[in-house]
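S.K.: Need a 3D model of the sequence below.
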Amino acid sequence: MRLITWNCFRGDALTRAGDVADLGPDVVVLQECARPVAALDPDALAWFGDNPRHGAAVVARAPYRLRPAPRCADAGGSVFPVRVERPHAR
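M.R.: Just a heads-up that it's a prediction; the model follows:
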């Protein structure tokens, strides 16, 4: 799995994820991005934040899927746990 993280300092999450697509990531974690304007499969996108113009996003490409993970009360409000899963081949 190839993981990329970027503090992109503004811009739509999906646009910013597209900006790094040439690097071939399976999962992109973006900090300080806007909530995506376009709808995306919830298995492929998790977005967190109170301000729609300034939050954090996790974007995954197939076959990877995103699932919610339990939050730790001691971690604070800036920690957003997400489970990345890859379905088993049948």
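
S.K.: Please give me every residue in contact with V20.
M.R.: Residues near V20 by C-beta atoms under 8 Å, 6 or more residues apart in numbering: 4, 6, 28. Just so you know, the C-beta spots here come from the backbone N, C-alpha and C atoms, and that holds for glycine as well.

S.K.: try 6 Å
M.R.: Contact analysis of V20 by C-beta atoms under 6 Å, 6 or more residues apart in numbering lists 4, 28.

S.K.: Next one: it relative to H54, how far apart?
M.R.: Applying C-beta to C-beta, to the nearest Å, the value for V20 to H54 is 19 Å.

S.K.: How far off centre is stretch 11-23?
M.R.: 11 Å (C-alpha atoms, centre = their mean, to the nearest Å).

S.K.: can you check stretch 23-36 too?
M.R.: 5 Å.

S.K.: go on, stretch 55-72?
M.R.: 5 Å.

S.K.: list the contacts for the spatially most central residue of the chain?
M.R.: By C-alpha atoms, centre = their mean, the mean C-alpha position of the chain lies nearest to V58, the distance being 0.5 Å. V58 makes contacts with 29, 46, 66, 82, as judged by C-beta under 6 Å, 6+ apart.

S.K.: could you say which helix or strand contains the closest residue to it other than its chain neighbours?
M.R.: Using C-beta to C-beta, 6 or more residues apart in numbering and skipping the chain neighbours, the partner closest in space to V58 is A46 (4.5 Å). Using DSSP states H and E, A46 sits in strand 45-51.

S.K.: Next: A17.
M.R.: helix 13-19.

S.K.: coming back round to it: is it true that the residue nearest to the centre of the chain lies in a strand?
M.R.: Yes: under DSSP: H, G, I helix; E, B strand; the rest coil, V58 falls within a strand.

S.K.: Does A69 touch V84 like I think?
M.R.: No: using C-beta atoms under 6 Å, A69 is not in contact with V84; the gap is 9.4 Å.
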